[in-house]
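Trainee: Fold the following for me, if possible:
(chains A and B, ligands or ions: 2)
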Amino acid sequence: MNQKLMLLGDEAIAQAAIDAGISGIYAYPGTPSTEITEYVIQSKEAKAGKIRAGWSTNEKTAMESALGMSYAGKRAIVCMKHVGLNVAADPFMNSAITGANGGLIIVSADDPSMHSSQNEQDSRVYGKFAMLPVLEPTNQQDAYDMVHYGFDMSEKLGVPVLMRITTRLAHSRAGVVCIPSRPQNEIRLPGDHRQFILLPANARRQYKTLLLKQDTFEKYALDSGFNVFTDGENKSLGIITTGIAYNYLLENYPDRHIPFPVLKIAQYPIPHSLVAKIYNSCEKLLILEEGYPIVEESIKGFLNTGKTIHGRLDGTVPRDGELNPNIVAVALGMNDSRGKDIPSVVVSRPPSLCKGCPHIYSYNALNEALEKWSKGRVFSDIGCYTLGALDPFDAINTCVDMGASITMAKGAADAGLLPAVAVIGDSTFTHSGITGLIDCVKDKSKITIMILDNETTAMTGGQDSAAFGRIEDICLGVGVKKDHIFVLDPSPKHHEENLAILRQELEYEGVSVIIPRRECIQTAIRHHKELKKAEAMKIEI
Amino acid sequence: MKRDIILAGVGGQGILSIAATIGTAALSAGLYIKQAEVHGMSQRGGDVSSNLRIADHEIASDLIPYGQADLIISVEPMESLRYLPLLSPNGWLITNTKPFINITNYPEMDKLMIEIEKIDNHIALDADEMAKKLGSGKSANMVILGAASPFLEIDYSELKEAIRNIFERKGVEIVKLNLDALQAGRDFAEAHMN
Ligand SMILES: Cc1ncc(C[n+]2csc(CCOP(=O)(O)OP(=O)(O)O)c2C)c(N)n1
Ligand code: SF4
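Mentor: Numbering: from 1, shown residues only, chains lettered A, B, ... in the order given. Ligands and ions are numbered 1, 2, ... in the order given. Modelled structure (predicted):
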């Protein structure tokens, strides 16, 4: 029987993947994509079906593992936040050339308005770049249905499929009707044993195959029923929406009747015939996109000599940030509804490090050790510890992309900024820090690296960290000298000795690694509760 | 029928438990629900909010339009005011008066109360204090929910049933504590909603 569940958009994707018969899910956490993989990890069904579910070291390793599972003929899904696709871009782009064997879906969760991200890049650009089909669900039910559809398309056409979601869909709950699950695939190697060997001779052939498939991709996008044209009596305006923008449009018509022709886009490449239909029948167009003005640019064209096209490019809709019903109302020329202004007594309440967080101590100690030097020499990275940028610490000077702390500190040290300090979390270190450390060792760079080891990936909710308890071994293994690797207990009672070590290593003109190690308070509380629960269960038995 | 609700508080205060209770009740009443949550960065002691939409017809947007929320339910007084641009002119503001002070420039309570009282339809109560008197400060969120209950357009019995379902695993005492908290909040609201 079909079951209706209240699911986050992320969870709808996860449940659909289980129901569609995946054999594996690969991911590195990142808001707003994390809950997809967490759901499968916790699912009893997934466990019973022996679905491989767990965290990879980074998005690239996740993408490649999923591609390997697809090579073996089984279905795989790989999930990441939008900037994760930058990390996975190399295998992603090349997977378009190899194609897929078992069904393969890549989910990339964009974060317009940057609720918890460094930028608001639009993953649909990657879809176009790789020339792969892209699915962009408009609601939670679509998200569920599209995973099934996406696996079928992937297997029929032999290509990976990109699914692009955004924060509001990922993190909003709604009723989702689920269908019965189907079995996983058996192992079945690719019919063409050279398919996955991208030597130039093969790659050229494969690339032509991909180019030939473009028309089929467009035909699928026309026939699937996800792209919908609805006629309207008022032809003075035609409206094109992509993804969840459609919901904001509909919200402005309480009786659910939109007087204008509307083209709702949820699958790419966009069928030309549908765009032609709305373009030719309306006086002008309004384009509502959650993300970059991609559809708008392509319809407008470089010279913009056709009909008037309103959207993000002409300022009808703000150029950046996520949409909402009010922005759409204004774009439609309707009255904006707004309550009272926020009273001036209300002050902002930025996020901060938890009380007792080990990073607090580490930053205080670092600040003290650096007192004798001028400011501006601490290169940091992404994680809870990025909050060290705020008061009262004001302890770091950069945060760019995962792993950039070590390599940027190296570049600055190469330029002569001494001492240069890198501050990186344990999970970020394994994600992208190790390769930079190898560069430093090779060049004998004069840098001090603090790896803040709170034994978890805290920022995204406490997923396990890839090198739990092995950070110092890794540093030793890649060639950092043993007497310049220190593991500290980041707590005030060891302050004097910690400070002495920090000061000494800041003076050292070579690679040194300092590892303050204490568990994140949040995961410690969680582990304590789990332990108590387990003990209580034992007593009951 | 539709009820658009902004839930407000500070990361870690557990506003999602209120959302879950209303959601469970609405679901068993056969209503449509959409609930946009906040995850990630904003949870570490920063301000958090959730958009909860309930209706007897399908809901389009995950976000509540500005100026159209029927209710702001806040577990913290300053946070209740942050979402005023979303509240409809005849909407209700239900808020805890117990401040959560984790910043150095937290405004004076009197000034916040002046602003809260400027809203025609408001219920302000010290839910922490009331919950403590009933036996556990932890049930403050249910006091707030109780104070909001007359405005939800969901049968009170459905809310009680939802609490029973959600807290069942934790034992009869916890269920009773939460039901008492709910009732105390409701009594307060009924006495103050004129
Ligand atoms: C490429 C990329 N992937 C994922 C993320 C999301 N993300 C930001 S910080 C972080 C984890 C940080 O963990 P760790 O370095 O251990 O620091 P902690 O939060 O535990 O202090 C993740 C997964 C990102 N910003 N960029
Ligand atoms: S979640 Fe953990 S690492 Fe992050 S601020 Fe809190 S204690 Fe620190």
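Trainee: Output the below-cut-off pLDDT ranges for chain B.
Mentor: Residues of chain B meeting the criterion pLDDT under 70: B:39-43.
Trainee: any idea which residue of it is furthest from its center?
Mentor: B:Thr104 (25.6 Å; CA atoms, centre = their mean).
Trainee: For the helix or strand where A:Leu506 lies, what does the pLDDT average out to?
Mentor: Using DSSP states H and E, A:Leu506 maps to helix A:495-507. Confidence over helix A:495-507 (mean pLDDT, whole number) is 97.
Trainee: List the buried residues of it.
Mentor: Along helix A:495-507, these residues count as buried under the neighbour rule (16 or more other CB atoms under 10 Å in any protein chain shown): A:498, A:501-502, A:505-506. No exception for glycine: its C-beta is placed from N, CA and C like everyone else's.
Trainee: try stretch A:484-497
Mentor: Buried, per 16+ other CB under 10 Å, within stretch A:484-497: A:484-486, A:488, A:490.
Trainee: next one: stretch A:147-154
Mentor: Using 16+ other CB under 10 Å as the test for burial, stretch A:147-154 gives A:147-151, A:153-154.
Trainee: do the same with stretch A:404-414
Mentor: Buried residues in stretch A:404-414, counted by 16+ other CB under 10 Å: A:404-413.
Trainee: Tell me which two of those sit farthest apart.
Mentor: A:Ala404 and A:Ala413 (14.1 Å; CB to CB).
Trainee: Let me see the contact set for A:Glu45.
Mentor: A:Glu45 makes contacts with A:18, A:181, as judged by CB atoms under 8 Å, 6 or more residues apart in numbering or on different chains.
Trainee: again with the one 10 residues further on
Mentor: Counting by CB under 8 Å, 6+ apart, A:Trp55 touches A:27-29, A:37, A:457, A:463-464, A:466.
Trainee: who in the stretch 201-350 of chain A is up against chain B?
Mentor: Within the stretch 201-350 of chain A, the positions adjacent to chain B are A:244, A:247-248, A:250-251, A:256, A:324-326, A:329, A:336-343, A:345-350 by CB under 8 Å from any CB of the partner chain.
Trainee: who's in contact with the helix holding A:Leu506?
Mentor: With CB under 8 Å, 6+ apart, helix A:495-507 has contacts from A:365-366, A:368-370, A:373, A:419, A:421, A:448, A:484, A:486, A:488-490, A:512, A:514, A:516.
Trainee: cool, stretch A:189-196 as well?
Mentor: A:71-73, A:98-99, A:101, A:202, A:206.
Trainee: mind putting those residues in CSV, neighbour count, pLDDT and secondary structure included?
Mentor: Putting the contacts of stretch A:189-196 into CSV (neighbours: other CB atoms under 10 Å in any protein chain shown; pLDDT from 0 to 100; DSSP: H, G, I helix; E, B strand; the rest coil) gives the following:
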residue, neighbour count, pLDDT, secondary structure
A:Tyr71, 18, 98, helix
A:Ala72, 18, 98, coil
A:Gly73, 18, 98, coil
A:Thr98, 23, 98, helix
A:Gly99, 22, 98, coil
A:Asn101, 25, 98, coil
A:Asn202, 16, 96, helix
A:Gln206, 21, 97, helix
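Trainee: that older thread, keep only those of the contacts of A:Trp55 that are in strands.
Mentor: A:Ala27 (DSSP state E).
Trainee: From the contacts of A:Trp55, list the ones also adjacent to ligand 1.
Mentor: Residues of the contacts of A:Trp55 in contact with ligand 1 (CB under 6 Å from any ligand atom): A:28-29, A:457.
Trainee: Now do the same contact list for the closest residue to A:Glu233 other than its chain neighbours.
Mentor: Sequence neighbours aside, A:Pro259 is the residue nearest to A:Glu233 in space, at 5.8 Å (criterion: CB to CB, 6 or more residues apart in numbering or on different chains). Contacts for A:Pro259 (CB under 8 Å, 6+ apart) come out as A:232-234.
Trainee: top helix in chain B by residue count?
Mentor: If you go by DSSP state H, chain B has its longest helix at helix B:172-192.
Trainee: and that one, how far out from the chain's middle?
Mentor: 13 Å (CA atoms, centre = their mean, to the nearest Å).
Trainee: swap in stretch A:304-321?
Mentor: Taking CA atoms, centre = their mean, one finds the center of stretch A:304-321 at 27 Å from the center of the full chain.
Trainee: Just the buried positions in it, please.
Mentor: Buried-residue list, stretch A:304-321, by 16+ other CB under 10 Å: A:309-312, A:316-317.
Trainee: which ones among the buried residues of stretch A:147-154 are found in strands?
Mentor: Taking DSSP E, every one of those sits outside strands.
Trainee: so what's the residue of the stretch 201-350 of chain A at minimum distance from ligand 2 closest to, chain neighbours aside?
Mentor: The minimum distance from the stretch 201-350 of chain A to ligand 2, using CB to the nearest ligand atom, falls at A:Pro350 (12.7 Å). Computed as CB to CB, 6+ apart, the closest residue to A:Pro350 that is not its neighbour in sequence is B:Gly46, at 5.6 Å.
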